[in-house]
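K.L.:
build me a model:
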Amino acid sequence: MSVAIICGGVGAARLLVGVRQVLADEEIIAIANVGDDFVLHGLHISPDLDTITYTTADAVSPERGWGLDGETWQAMHMLSRYGGVDWFSLGDRDLGTHLFRTQRMNDGASLTEVTAEILAGWDLHFRLLPVTNDPVRTMVTTEEEGEIPFQDYFVRLQHGVAVSAVRFDGVADARPAPGVLSALETADRIVIAPSNPVVSIDPVLAVPGVREMLEQRRHDVWAVSPIVGNQALKGPADRMMTELGREATVEGVAHWYQSVTSTLVIDTVDAALAPAVEAAGVSAVVMPTIMNEPTVTQNLAKAVCGLG
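P.N.:
Residues are numbered from 1 along each chain as shown. Here you go, the predicted structure:
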């Protein structure tokens, strides 16, 4: 059994923890969003890749859900002292990851190669592939500031402003990273993780060839709804869907993924909406999906991998 998982950040990372409990690492390929990537202080930062790495290594901060547990912040304190850009917090240990990534990429290594090296440094053996090695950047249009980079919206503005449009700069010229399309072609099951459809999953699907591959294999694609009880468990997915004219419900998620998935896993809270999901042409599987207990995480992983 092999599985390819389309990933954003926190929700995908938690699902991967469960998948690694039911499948061998050699059977798992995670394909991650890079639309959140950006350069700050001259460093290439890949938030979703790092959240997946730290979480599966059992090193992530449990309070924040991102960054490293037991982190210190001396570099940020010095930056603030000098009046530098400090709205995006980087812990001292986390900075080591970004320094390594930037140095290796400046030496000519691809983001795919560097990601594999970072995983090896944490003794992780599943494959984690950025969807592309080419620069793709999520841009968000707000009434207050016009079009701004995603991290400005998400962190600097604390995703507290309304969004009227989202686009993925550079995606038309991007190529899937080596191994991405072959993984999607040969995996026994493809899973869309419970990540923000607008800014975590769509940037992956927008890379030429990816959506087309999922559409061809729609019967083998399962998705987990990131919306539970008409709300996002974490982040602004519900508000973004509403602001962009879509329903922030499991029915809305079913319509969003209609062309690329045959099955949507929804939480028991939304059991009454299963007929609406199926009316959208997507089969509904109802089960607990809030991964706050190991048993729930493992059972969800078994289900999406076709093992339960």
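
K.L.:
tell me if I'm right that residue 162 and residue 141 touch.
P.N.:
No. Under the criterion of C-beta atoms under 8 Å, residue 162 is not in contact with residue 141, lying 9.7 Å apart. Heads up, the C-betas are built off the backbone N, CA and C, glycines and all.

K.L.:
what about the two, which has more around it?
P.N.:
Taking residue 162 and residue 141 together and counting by other C-beta atoms under 10 Å, residue 141 has the greater number of neighbours (15 against 12).

K.L.:
got a list of what residue 232 touches?
P.N.:
Taking C-beta atoms under 8 Å, 6 or more residues apart in numbering as the definition of contact, the neighbours of residue 232 are 196, 226, 238-239, 248.

K.L.:
10 Å instead, please
P.N.:
11, 194, 196-197, 226, 238-241, 248 (C-beta atoms under 10 Å, 6 or more residues apart in numbering).

K.L.:
pretty sure residue 100 contacts residue 115?
P.N.:
No. Taking contacts as C-beta atoms under 10 Å, residue 100 lies outside contact range of residue 115: 11.0 Å.

K.L.:
the more surrounded of the two?
P.N.:
Each of residue 100 and residue 115 had its neighbours counted (other C-beta under 10 Å), and the higher figure belongs to residue 115 (27 against 15).

K.L.:
can you tell me the SS state at the more buried one?
P.N.:
In terms of secondary structure, residue 115 is helix; the call rests on DSSP: H, G, I helix; E, B strand; the rest coil.

K.L.:
which residue ranges of the stretch 1-150 of the chain form helices?
P.N.:
Read by DSSP state H, counting those that start in this stretch, the stretch 1-150 of the chain holds these helices, from start to end of the chain: 10-22, 47-56, 74-81, 92-106, 111-121, 150-151.

K.L.:
go through these and pick out the most buried.
P.N.:
Per residue and on average, the most neighbours among those fall to helix 47-56, with a mean of 25 (mean count of other C-beta atoms under 10 Å).

K.L.:
counting contacts, what elements does that one pack onto?
P.N.:
strand 3-7, helix 10-22, strand 28-32, helix 92-106, helix 111-121, strand 127-130 (3 or more C-beta pairs under 10 Å, 6 or more residues apart in numbering; DSSP states H and E).

K.L.:
and residue 71, how many neighbours?
P.N.:
Neighbours of residue 71 under the rule other C-beta under 10 Å: 17.

K.L.:
ah, wrong one, I meant residue 61
P.N.:
Around residue 61 there are 16 other residues, counting by other C-beta under 10 Å.

K.L.:
do residue 158 as well
P.N.:
For residue 158, the count of nearby residues is 10 (other C-beta under 10 Å).

K.L.:
how near is it to residue 199?
P.N.:
Counting by C-beta to C-beta, to the nearest Å, the gap from residue 158 to residue 199 is 15 Å.

K.L.:
so how far is the strand or helix carrying residue 265 from its chain's centroid?
P.N.:
Using DSSP states H and E, residue 265 sits in strand 263-266. What separates the centre of strand 263-266 from the centre of its chain is 17 Å, taken as C-alpha atoms, centre = their mean, to the nearest Å.

K.L.:
show me what counts as buried in whichever helix or strand comes after that strand.
P.N.:
Downstream of strand 263-266, the next assigned helix or strand under DSSP H and E is helix 274-279. Going by neighbour count (16 or more other C-beta atoms under 10 Å), the buried part of helix 274-279 is 274, 276-277.
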